[in-house]
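Asker: Need a 3D model of the following:
(2 chains)
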Amino acid sequence: MLEQLKEIIVNYVEVEAESITMESRFVEDLGFTSFDFMNMLGEIEDTFDIEVDPQKAGNIRTVQEAVDYFTSIQE
Amino acid sequence: MKMYSTIKDIIVASEEVYGTEDAIRYKVGKDQIESKTYTELKQDSESFSRVLEQFGVVGKHIALTGPTSYTWLVTYFGIVNSGSVAIPLDVLLPTEDLCELVERSDAEVLVLDDVRADVAAIVRERCPKLKYVISMQKEKNDTEVLSFSQLLNENRGSFDVEINPEALCTIMFTSGTTGKSKGVMLTQRNLAENATCLDMKIESGNVVLSVLPIHHAYCLSMDILKGLSLGSVVCINDSIHRMAKNIKLFKPTMILMVPLMIETFAKKLEDIIGIPPEYVKKEVFGEQLHTICSGGAYMNPEYIDLFAKYGIQILQGYGMTECSPVISTSLSWNIKKGTVGQLLPNCEAKVVDEELWVRGSSVMLGYYKMPEETKEALQDGWLKTGDLGYVDEDGFVYLTGRKKNLIITRNGENVSPEEIENKLSEARLVQEILVREKEGLIEAEIFPDYEYAKLQGIMDIRASLQELIDQYNIGAQSFKKVYSLLVRDTEFPKNTTRKIKRY
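Answerer: Presented below is the predicted three-dimensional model:
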């Protein structure tokens, strides 16, 4: 999941995939705006074939939280 | 096309002409669409008016909050077509702020989507004036929260009352320069004429995808009221992150957007090289999409040419909630480069000290319970827009800048810098602060209290300030988040009254 997520993240912000860690925060560390983040959710739904709840996704702050949430709805 | 002066007239006239045709389409489940006809929309909203009558709250203030949904629309029309006042509130507001606005707007009923169950749990306690809380999804009434569907089914029937065009019908909250949001009071005539005074020569059956937040005047007036007055099919986009997917699903011919959305599509289009434009257009927007209307914030005019290559016309407009909201718009056959379009037929303009003032049937009554702010904004029926600009002899509007401090982000949200400055200044480490817009996002420049930092043994001042901002960002609405930080070594330059010079 993390590797695929990294590949998606680099399409939205100017960061190297290697510098993304589980602790990275989307807004503060990776430079996401909330709009970038919403757009990325669309691609994540397609890639992992899941339906994301926008309210819950709005509470995601770190890569770890994202992986946990997406994994939980994939099961 | 005819001009209407009340919202009820729009709904009644459209139902007469388009009765069995689809008015609203929305998703149920992943790729399944459900629809409601013009007749169903009118009947359901009349039944909701009967609910309000049964509660004895006709003519009173009714708040509603939730993402755009058929139930939201039925609630809204049920309220305003009964002669009551609707208070649409931003579904993304923090709990405390939502309760504060329910209280401040004197609402006696709150209708809410279950995504805000947090508010349902505490709002009765916080807002003593509130008599009823209704859930849009709940199936059965309980002691605390009533069920929208149960109430509707128990009160089925028609409802008809004379509506005064001059009566207050909607209060919309917008960011104020003092940091406290202001309730813009709009009448039936304000909204109905704004939506119907201009003939855009749009055929009935036009498919609109509504992607903007429903508590914004631009969405309510142009997507919903104008759409329904023309016999359009209004499709509801369930989430902004599914916009691209929903374009393929609903196949709209027209979409209203804010510049940030247009920019996102533009970036994608610019990355595509070597593929024929017709093919790209079909894949991204579908063959049928021909028009995008832009409003809410400044848009880079280069996008107009970029989208034209793909056979999509961008019509730029200009407005503000205080003017219900549209002041001017471009039309497909009437575009002047460098302008934000021509004044609507119900609007006149003049320039006072470089500031644009407008007057006409869409100018608000004033701000709810804020006589001082109202006096500042309105003068002899003229609305001071706070925008610098001018109007040419053909009525085309040119904008050159903003007079007020208010920040308008790329998604059209208004942010008061003072509100954020006040919050962050609560920290002892922040001695002086200035919040401003940078490339459509919010930047804070801080002069820290170096003396205090020394006393506290704070070594990395920048990191401590960033931590403060991170903390603030957690609780802030997405468009109010601070994205960058500048740390000053010296005090800000001040004017004679010791206020920080903003520009």
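Asker: OK, contacts around residue B:146?
Answerer: Counting by C-beta atoms under 8 Å, 6 or more residues apart in numbering or on different chains, residue B:146 touches B:132-135, B:138. C-beta here means a position set from N, CA and C on the backbone, and glycine is covered the same way.
Asker: between these, which is closest to chain A?
Answerer: residue B:135 (15.8 Å; C-beta to the nearest C-beta).
Asker: Okay, helices next: where are they in chain A?
Answerer: A:2-9, A:34-48, A:54-58, A:63-74 (DSSP state H).
Asker: Need the contact partners of the last one.
Answerer: So that's helix A:63-74. Contacts of helix A:63-74 (C-beta under 8 Å, 6+ apart): A:1-2, A:5, A:9, A:20-24, A:26, A:44, A:48, A:50-53, A:56-57, A:59-60.
Asker: mind running it again at 7 Å?
Answerer: For helix A:63-74, contacts defined as C-beta atoms under 7 Å, 6 or more residues apart in numbering or on different chains pick out A:1-2, A:5, A:20-24, A:44, A:48, A:50, A:56-57, A:60.
Asker: what do you get for the longest one?
Answerer: Around helix A:34-48, the neighbours that count as contacts under C-beta under 7 Å, 6+ apart are A:4, A:8, A:12-13, A:26, A:51-52, A:57, A:70, A:74, B:240-242, B:244-245, B:260, B:264, B:411, B:478, B:481.
Asker: number of nearby residues for residue B:426?
Answerer: 9 (other C-beta atoms under 10 Å in any protein chain shown).
Asker: what's the closest non-adjacent residue to residue B:212?
Answerer: Using C-beta to C-beta, 6 or more residues apart in numbering or on different chains and skipping the chain neighbours, the partner closest in space to residue B:212 is residue B:219 (3.8 Å).
Asker: What about that neighbour, how many residues nearby?
Answerer: The number of residues packed near residue B:219 is 23, by other C-beta under 10 Å.
Asker: helix, strand or coil for it?
Answerer: Of the three states, residue B:219 takes helix under DSSP: H, G, I helix; E, B strand; the rest coil.
Asker: looking at chain A, which helix or strand is least sure?
Answerer: helix A:54-58 (a mean of 79; mean pLDDT, DSSP states H and E).
Asker: gap between that one and the chain center?
Answerer: How far helix A:54-58 lies from its chain's middle: 12 Å, per C-alpha atoms, centre = their mean, to the nearest Å.
Asker: Buried residues in it, which are they?
Answerer: By 16 or more other C-beta atoms under 10 Å in any protein chain shown, the buried positions in helix A:54-58 come out as A:54, A:57.
Asker: Could you give the residue of chain A that lies closest to chain B?
Answerer: residue A:34 (3.5 Å).
Asker: Return the residues in contact with the closest residue to residue B:156 other than its chain neighbours.
Answerer: Closest residue to residue B:156 apart from its sequence neighbours, by C-beta to C-beta, 6+ apart: residue B:47 at 5.1 Å. By C-beta under 7 Å, 6+ apart, the residues touching residue B:47 are B:152, B:155-157.
Asker: From those, which land in helices?
Answerer: Mapping those onto helices (DSSP H) picks out residue B:152.
Asker: If you rank the contacts of residue B:47 by neighbours, which is first?
Answerer: residue B:152 (21 neighbours).
Asker: now, of the helices of chain A, which is deepest in the fold?
Answerer: Comparing the helices of chain A by mean neighbour count (mean count of other C-beta atoms under 10 Å in any protein chain shown), helix A:34-48 ranks first with a mean of 19.
Asker: ok, residue B:126 - contacts?
Answerer: Contacts of residue B:126 by C-beta under 7 Å, 6+ apart are B:99, B:103.
Asker: what's the domain layout of chain B?
Answerer: Here the domain assignment for chain B is B:36-163, B:207-407, B:416-487, based on automatic domain parsing.
Asker: Pipe the ones you listed into TSV and attach distance to residue B:29 per row.
Answerer: Formatted as TSV, the domains of chain B follow (distance: least, C-beta to C-beta, whole Å):
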stretch	distance to residue B:29
domain B:36-163	15
domain B:207-407	11
domain B:416-487	27
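Asker: what about the helices in the stretch 351-500 of chain B?
Answerer: B:371-377, B:417-425, B:450-456, B:461-475 (DSSP state H, counting those that start in this stretch).
Asker: how about these, which one is nearest chain A?
Answerer: Between the helices of the stretch 351-500 of chain B, helix B:461-475 lies closest to chain A; by C-beta to the nearest C-beta that is 5.7 Å.
Asker: Could you confirm whether the closest one reaches chain A?
Answerer: Yes. Between helix B:461-475 and chain A, judged by C-beta under 7 Å from any C-beta of the partner chain, the touching residues are B:470, B:473.
Asker: what does the stretch 201-350 of chain B have sitting close to chain A?
Answerer: Residues of the stretch 201-350 of chain B lying close to chain A by C-beta under 7 Å from any C-beta are B:239-242, B:244-245, B:260, B:264.
Asker: Could you give the number of residues near the residue of the stretch 51-200 of chain B found nearest chain A?
Answerer: Taking C-beta to the nearest C-beta, chain A has its nearest neighbour within the stretch 51-200 of chain B at residue B:115, 5.5 Å off. A total of 17 residues lie near residue B:115 under the criterion other C-beta under 10 Å.
Asker: who touches it in this structure?
Answerer: Residue B:115 makes contacts with A:55, B:66, B:91, as judged by C-beta under 7 Å, 6+ apart.
Asker: Kindly indicate which of those residues lies nearest residue B:99.
Answerer: residue B:91 (13.8 Å; C-beta to C-beta).
Asker: so that closest one touches residue B:65, yeah?
Answerer: Yes. With contact defined as C-beta atoms under 7 Å, residue B:91 counts as touching residue B:65 (5.1 Å).
Asker: Now for those two: what residues contact both?
Answerer: B:113, B:116.
Asker: In terms of packing, which of these two has more residues around it?
Answerer: Counted by other C-beta under 10 Å, residue B:91 and residue B:65 do not tie: residue B:65 has more neighbours, with 25 against 21.
Asker: In a helix, residue B:97, correct?
Answerer: Yes. Remark: residue B:97 belongs to a helix, assigned using three-state DSSP.
Asker: I'd like the distance between it and residue B:89.
Answerer: Taking C-beta to C-beta, to the nearest Å as the measure, residue B:97 falls 9 Å from residue B:89.
Asker: again with residue B:434
Answerer: Going from residue B:434 to residue B:89 by C-beta to C-beta gives 30 Å.
Asker: One more: residue B:419?
Answerer: Distance of residue B:419 to residue B:89, given as C-beta to C-beta: 17 Å.
Asker: Please work out how many residues are found near residue B:114.
Answerer: By other C-beta under 10 Å, the residues close to residue B:114 number 12.
Asker: my read: it touches residue B:134, true?
Answerer: No. With contact defined as C-beta under 7 Å, residue B:114 does not reach residue B:134; the gap is 11.2 Å.
Asker: Run through the bridge partners of residue B:448.
Answerer: Beta-bridge partners for residue B:448, by DSSP bridges, are residue B:430.
Asker: My read is that it contacts residue B:432, right?
Answerer: No. Assessed by C-beta under 7 Å, residue B:448 is found out of contact with residue B:432, at 8.7 Å.
Asker: what's the overlap in contacts for those two?
Answerer: Shared contacts of residue B:448 and residue B:432 (C-beta under 7 Å, 6+ apart): none.
Asker: So between those two, which is more surrounded?
Answerer: Higher neighbour count among residue B:448 and residue B:432: residue B:448, with 23 against 16, using other C-beta under 10 Å.
Asker: For residue B:206, see how far away the more buried one is.
Answerer: 55 Å.
Asker: and what of residue B:299?
Answerer: 22 Å.
Asker: Between these two, which is the more surrounded one?
Answerer: Taking neighbours as other C-beta under 10 Å, residue B:299 and residue B:206 compare with residue B:299 leading, 22 against 18.
Asker: quick one: the residue nearest to that one when sequence neighbours are not counted from chain A, how far?
Answerer: Of all residues not flanking residue B:299 in the chain, residue B:259 sits nearest, at 3.9 Å (C-beta to C-beta, 6+ apart). Going from residue B:259 to chain A by C-beta to the nearest C-beta, to the nearest Å gives 11 Å.
Asker: Thanks a lot, see you next time.
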